[in-house]
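# Need a 3D model of the sequence below.
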Amino acid sequence: MDELGARLREDAANIEAEVSTELDTRIRASLENVTPAEGEKPQARPVSTWWVSGLGGAAAAAVILLLVNLDRPQPPHVPTDNRPPPVEPLVVLELKAEAAVLTQPLKKELENLESDIRKAERAVREEIGLSL
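The predicted structure follows:
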């Protein structure tokens, strides 16, 4: 905070501004003529107003909470049945895997393998109804 005050004073000193004598006398007069009023004390509120304002604020907060919560949709009713949901039977496919026996050159074997894959794809598509 001391650094800020020092920088503000330094910046204020660097400002080049001319204050007319008329303005200077008006500022000094207004500063010198200000005195606290004697005998006048700020009037304290009675204790009852503190209670009333506190209760009024609490009531307003309760009304706002009530209005906000009334607009929320009710959660769906969840049955209290503890039975687990029915389990669908698993589909098990029978796969027949055999070791590859190379009887021809690799290029021919690759062509045969691609042909077998296309045949299997067509058979699967026909079985599930996706034939194109």
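# If you rank every helix and strand of this protein by mean pLDDT, what lands last?
Using mean pLDDT, DSSP states H and E, the weakest-scoring helix or strand in the chain turns out to be helix 47-70, at a mean of 82.
# any idea which helix or strand comes after it?
Under the assignment DSSP states H and E, the closest C-terminal helix or strand after helix 47-70 is helix 106-128.
# Tell me the helices and strands packed up against that next one.
Helix 106-128 sits against no helix or strand, with contacts defined as 3 or more CB pairs under 8 Å, 6 or more residues apart in numbering; DSSP states H and E. Any C-beta I mention is one placed from the backbone N, CA and C, and that applies to glycine too.
# so how far is it from its chain's centroid?
Offset of helix 106-128 from its chain centre (CA atoms, centre = their mean, to the nearest Å): 52 Å.
# for stretch 119-132, same thing?
Relative to its chain's centre, stretch 119-132 lies at 48 Å (CA atoms, centre = their mean).
# what about the protein, any weak spots by pLDDT?
In the prediction, the chain carries residues with pLDDT under 70 at positions 1, 35-47, 78-79, 100-103, 130-132.
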